[in-house]
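Participant: let's see this in three dimensions:
(chains A and B)
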Amino acid sequence: MECVFGLVGDGFTLIAGDTSAVQSIVVQKTSEDKIMILDSHKLLGASGESGDRVQFTEYIQKNVHLYQFRNGIPLSTAATANFTRGELATALRKNPYSVNLLLAGFDKDVGPSLYYIDYIATLHKVDKVAFGYGAYFALSMMDRYYHKGMSVEEAIEFADKCILEIRSRLIVAPPNFVIKIVDKDGAREYGWRKTIEDASEPPAAELLPAVEVQS
Amino acid sequence: MSRRYDSRTTIFSPEGRLYQVEYAMEAIGNAGAAVGILAKDGVILAGEKRITSKLLQTSKSTEKMYKVDDHVACAVAGIMADANILINTARVQAQRYTFAYQEPIPVEQLVQSLCDTKQGYTQFGGLRPFGVSFLFAGWDKNYGFQLCMSDPSGNYGGWKAAGIGANNPVAQTMLRQEYKDDMTKEEAAELALKVISKSMETTAISPEKLELAELFLLPSGEVKYQVYSPESLSKLLEKLNLAQPVAEVS
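Facilitator: Residues are numbered from 1 along each chain as shown, chains lettered A, B, ... in the order given. The predicted structure is shown next:
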């Protein structure tokens, strides 16, 4: 089941998320990227009802872009977090989106930051956070190993520890994860942690059991 | 001939002009003057307070300067009744932005939203345009101190020094000659007083006929808008030899 977690390090913020698209008990896909690059210096990690997740994150992304086009200045991470929370709060009493979000960003004046926003429009500025079933393990790992001012290498090693713990303890652990980072140079994908590969084409004919063709 | 075109705001004349908008600007030319000067450490606004009658109780607070938000103030020239409507919408816009983003509205965005309202009345029929020009003084984290001027057509622009209202060509000329880059706000305040005293019709200048306000940053980084008290204003006038001895005692 879904796991997204993030942490603030020294001059950067990291978000890691699972990449499974699940319907009922069936895994439809293991390469679904749930961490959106919002703009040059923002990441938006999301989990929840997959239709809502895509719709809402794109809606936020397009609004952030619109703001930049109209005003010629980017929206700060804090302003984006508050805007997103406001949109969720408005929707909450009409037709709520069931999405939980992690917003990571880097601003020149405040440095790296991380915001937790859930489907009932809670907003918190945090240093480390996780949600989904993986959170039960990731949060414990964070309590034990997280410290302020981690370097990128330490943070990646730590994220790998979390992923390993989730994979080994969670019965419904997702197979693949993606890690993204945002720092002064911008938001980017750091890497994937895969245990299985989606088959991209059917197996070659000679590998299939022979079937007698009746004429 | 022009009658056919000037009674409607939204129709161009054959020469390609919008008469009602031009008349609105004319109305501002008769109103009390205001000047604004951008200094390196703040923004200065000065305004002429016209005393229409000896019997009129002059308001204790300012009547030409308005605080729009913690970081933006404006000076007005034109029809005050119209200005009050626009200032109210500006205050609402500023608070709406703060509500949505939990951050103060950037100065240009506030001016732009107000100018959008003004522009609407030059295009959509049946109503007259707002007879108001504004000088906005503000500070934001992206562009620091700013001074913006807007007119009834909905045009706006950023200025280092600007004048609106009566005799504004005089004010503009003086400002062009005497404005220097990297003035301190104290120097700018003195220049503003000099300019406003030149563009006023009366020769006897007293603190009751003037308003002076400054917007600057406190050491804490907080934006502060402050109106000069009558005492400090008269001290400044004396220093500049602008104060006239009270000729008549009534």
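Participant: show me where pLDDT drops low in the chain?
Facilitator: Reading this off chain A. Low-confidence segments of chain A, defined by pLDDT under 70: A:205, A:210-211, A:213, A:215.
Participant: ah, no, chain B please
Facilitator: Looking at chain B by pLDDT under 70, you get B:1-9, B:125, B:244-250.
Participant: can you pull up the most central residue in it?
Facilitator: Closest residue to the average C-alpha location of chain B: B:Ala75 at 2.8 Å, with CA atoms, centre = their mean.
Participant: now do chain A
Facilitator: Residue closest to chain A centre, computed by CA atoms, centre = their mean, is A:Gly45 at 2.9 Å.
Participant: for stretch A:196-204, what is the distance to the chain centroid?
Facilitator: Here the centre of stretch A:196-204 is set off from its chain's centre by 25 Å, with CA atoms, centre = their mean, to the nearest Å.
Participant: in three-state terms, label the residue nearest to the centre of chain B for me.
Facilitator: Under DSSP: H, G, I helix; E, B strand; the rest coil, B:Ala75 falls in the strand class.
Participant: get me the contact residues on chain B for chain A.
Facilitator: Residues of chain B lying close to chain A (CB under 8 Å from any CB of the partner chain) are B:Phe99, B:Ala100, B:Tyr101, B:Gln102, B:Glu103, B:Pro106, B:Glu108, B:Gln109, B:Lys141, B:Asn142. Using the backbone N, CA and C atoms, a C-beta is placed for each residue, glycine as well.
Participant: the residue nearest to the centre of chain B touches B:Val43, doesn't it?
Facilitator: No. Counting by CB atoms under 8 Å, B:Ala75 stays clear of B:Val43, with 10.4 Å between them.
Participant: just the residues contacting the longest helix belonging to chain B, thanks.
Facilitator: Criterion DSSP state H: the longest helix present in chain B is helix B:80-101. If you take CB atoms under 8 Å, 6 or more residues apart in numbering or on different chains as the criterion, helix B:80-101 is touched by A:75, A:78-79, A:82-83, A:86, B:63, B:66, B:68-69, B:72, B:74, B:76, B:103-105, B:109-110, B:113-114, B:117-118, B:130-132, B:134.
Participant: in the following helix or strand past that helix, what counts as buried?
Facilitator: Using DSSP states H and E, the helix or strand that follows helix B:80-101 in sequence is helix B:107-120. Neighbour-count burial for helix B:107-120, counted by 16 or more other CB atoms under 10 Å in any protein chain shown, picks out B:Val107, B:Glu108, B:Gln109, B:Leu110, B:Val111, B:Gln112, B:Ser113, B:Leu114, B:Cys115, B:Lys118, B:Gln119.
Participant: what segments of the chain are helices?
Facilitator: Using chain A. A:50-71, A:77-92, A:135-145, A:152-169.
Participant: oops, I was thinking of chain B
Facilitator: Counting by DSSP H, the helices of chain B are B:3-6, B:19-29, B:80-101, B:107-120, B:168-178, B:185-199, B:230-239.
Participant: I'd like those helices as a markdown table, with distance to A:Phe137 appended.
Facilitator: Shown next, in a markdown table, are the helices of chain B (distance: least, CB to CB, whole Å):
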| stretch | distance to A:Phe137 |
| --- | --- |
| helix B:3-6 | 76 |
| helix B:19-29 | 67 |
| helix B:80-101 | 35 |
| helix B:107-120 | 45 |
| helix B:168-178 | 67 |
| helix B:185-199 | 58 |
| helix B:230-239 | 65 |
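Participant: just the ones you listed: most buried one?
Facilitator: Among these, helix B:185-199 has the highest mean neighbour count (mean count of other CB atoms under 10 Å in any protein chain shown), at a mean of 21.
Participant: which secondary structure elements does that helix sit against?
Facilitator: Judged by 3 or more CB pairs under 8 Å, 6 or more residues apart in numbering or on different chains; DSSP states H and E, the packing partners of helix B:185-199 are strand B:34-39, strand B:42-48, strand B:161-164, helix B:168-178, strand B:210-217, helix B:230-239.
Participant: what's the angle between the second one and strand B:210-217?
Facilitator: If you take axes from the mean of the first three to the mean of the last three CA atoms, to 10 degrees, strand B:42-48 sits at 170 degrees to strand B:210-217.
Participant: is it true that B:Gln119 touches B:Ser153?
Facilitator: Yes. B:Gln119 lies in contact with B:Ser153 (CB under 8 Å); the separation is 7.0 Å.
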